[in-house]
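> based on what follows, work out the 3D shape:
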Amino acid sequence: MSSASTPPRFRRGRRQALQLLGTTAFSWTLAAYYADDALAQPTPAVAAPAQLRIGYQKSAVNLVVLKQHGVLEKRFPATRISWLEFPAGPQLLEALSAGSLDFGLTGDSPPVFAQAAGKDLRYVGAEPPKPESSAILVLADSPLKSLSDLKGRRVALQKGSSAHYLLVRALDKAGIAWADIQPVYLAPADARAAFERGSVDAWAIWDPFYAATEQSIRARVLSSGEGLTGNNSFYLASRGLVEHHPQLIKALFDELTRADQLVQASRKEAVQLLAAFSGLDANVVSRFIGRRPSSPTTLLNPAMVVEQQRVADAFFRLGVIPRQVKVADIVWQPMAAEYAIHGQTSPAASSITPAVASRL
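A predicted model of the protein is given here:
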């Protein structure tokens with residue numbers, strides 16, 4: 001039976017069954033990985049809080065893996081762990097600064113806006129740059145062919161998101177002033193609707209929204225972040241978590257890095273897990289995962305802080321944040337003693353054991 005003659009209900013059922021199979025296979029692999037790793041590397045004890053509230057987005061691959069398999073719930077059984085999903089980083093950091101979250105992942109711009117607004121939070125960790133995971137899109141039949149064509153056009157974006165900085169850098173490259181475009185500030189879902197009906201001329205967006213739009217309407221990429229921005233991702237935490245549970249943060253980094261190692265080693269199964277979780281088509285997930293490099297979690301290094309300061313300075317020059325900020329002022333720099341877990345003094349990544357590697 002050809003795909004054209006297959007009833008839609010059957011195709012949906014088959015897709016859901018394949019996603020369930022992939023999710024189950026990945027869960028088995030994940031369970032085996034953690035079981036073998038526990039035998040090779042006993043998990044050190046960490047004093048944990050009574051509750052831990054984690055904010056994430058669909059793009060937060062490593063957090064989603066931990067959530068879906070209950071890794072943190074198993075490691076910290078005395079802690080009540082809550083997971084809250086957000087459409088974008090600004091909303092996530094608003095919740096964190098309001099005391100509704102303890103820990104979360106965002107792109108580069110949201111922390112700058114939060115710091116400029118006087119929000120009380122800390123940069124605690126980072127993942128490597130993902131410049132290809134964001135882009136400025138136009139419709140396939142758009143007359144816009146280059147970044148210079150954005151002058152005078154309506155461009156959709158989430159204000160204060162990583163896409164905001166991408167657009168700033170793109171305009172700088174094209175020699176266009178911010179005042180020479182018409183920014184249309186919309187959350188991703190509303191921006192896509194406006195983009196599809198032609199209410200805006202272009203859309204600055206990140207994965208997986210970027211991949212989903214490419215897949216569904218064959219949008220054209222005017223420019224990715226390559227050569228414009230690192231599209232860095234940062235883990236942020238409340239002051240209370242940093243001051244009272246620094247070793248927990250170290251433990252979170254280790255678990256996030258182990259989750260990433262498994263995603264890299266079992267890409268196909270990871271795609272199915274993320275597709276089943278997010279409701280996105282597996283091809284969409286495969287596309288955005290393919291643009292994502294290996295992403296271990298580390299403390300911020302000096303180069304990351306310098307790059308993030310460039311982001312902050314760019315927004316201040318444009319007058320879109322109310323005051324100049326010094327990023328380093330809210331970067332967590334733990335003392336070795338408070339960060340160490342059983343003699344570990346840096347965010348060392350756990351390695352996949354030979355037994356597990358042979359199965360993956």
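> do you know the pLDDT at residue 8?
Here, the pLDDT recorded for residue 8 equals 44.
> residue 313: neighbour count?
15 (other Cβ atoms under 10 Å). (Each C-beta comes from the backbone N, C-alpha and C, glycine too.)
> so it, which of the three states?
helix (DSSP: H, G, I helix; E, B strand; the rest coil).
> tell me the contacts of it?
Residues counted as contacts of residue 313 (Cβ atoms under 8 Å, 6 or more residues apart in numbering) are residue 324.
> for the helix or strand where residue 250 lies, C-alpha coordinates in PDB please.
Element membership of residue 250, judged by DSSP states H and E, is helix 246-265. The C-alpha trace of helix 246-265 is given here as PDB (Å, rounded to 0.1, in the frame of the first residue of the first chain):
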ATOM      1  CA  PRO A 246      26.700  24.100  45.300                       C
ATOM      2  CA  GLN A 247      27.400  20.400  45.300                       C
ATOM      3  CA  LEU A 248      23.900  19.700  43.900                       C
ATOM      4  CA  ILE A 249      24.800  22.000  40.900                       C
ATOM      5  CA  LYS A 250      27.900  19.900  40.300                       C
ATOM      6  CA  ALA A 251      25.800  16.700  40.400                       C
ATOM      7  CA  LEU A 252      23.300  18.200  37.900                       C
ATOM      8  CA  PHE A 253      26.200  19.000  35.500                       C
ATOM      9  CA  ASP A 254      27.500  15.500  35.700                       C
ATOM     10  CA  GLU A 255      24.000  14.000  35.000                       C
ATOM     11  CA  LEU A 256      23.400  16.500  32.100                       C
ATOM     12  CA  THR A 257      26.800  15.600  30.600                       C
ATOM     13  CA  ARG A 258      26.100  11.800  30.900                       C
ATOM     14  CA  ALA A 259      22.700  12.300  29.200                       C
ATOM     15  CA  ASP A 260      24.400  14.100  26.400                       C
ATOM     16  CA  GLN A 261      26.900  11.300  25.900                       C
ATOM     17  CA  LEU A 262      24.100   8.900  25.600                       C
ATOM     18  CA  VAL A 263      22.200  11.100  23.100                       C
ATOM     19  CA  GLN A 264      25.400  11.300  21.000                       C
ATOM     20  CA  ALA A 265      25.900   7.500  21.100                       C
END
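> and that helix, what does it pack against?
Contact here means 3 or more Cβ pairs under 8 Å, 6 or more residues apart in numbering; DSSP states H and E; on that basis helix 246-265 packs against helix 8-40, helix 61-69, helix 71-75, strand 122-127, strand 233-237, helix 239-244, helix 336-339.
> going on from it, what's the next piece of helix or strand?
helix 267-278.
> from the contact counts, what lies against whatever helix or strand comes next after that following helix?
For helix 267-278, the succeeding helix or strand toward the C-terminus, using DSSP H and E, is helix 282-290. Judged by 3+ Cβ pairs under 8 Å, 6+ apart, the packing partners of helix 282-290 are helix 8-40, helix 209-217, helix 267-278.
> related to what we said a few turns ago, now the angle between helix 267-278 and the helix holding residue 250, please.
Calculated by axes from the mean of the first three to the mean of the last three Cα atoms, to 10 degrees, helix 246-265 forms an angle of 120 degrees with helix 267-278.
> quick check: angle from helix 246-265 to helix 282-290?
Going by the same axes, to 10 degrees, helix 246-265 makes 120 degrees with helix 282-290.
> could you give the average pLDDT over helix 246-265?
Helix 246-265 shows a mean pLDDT of 95.
> excluding its backbone neighbours, what's nearest residue 82?
residue 53 (4.6 Å; Cβ to Cβ, 6 or more residues apart in numbering).
> right, I'll leave it there.
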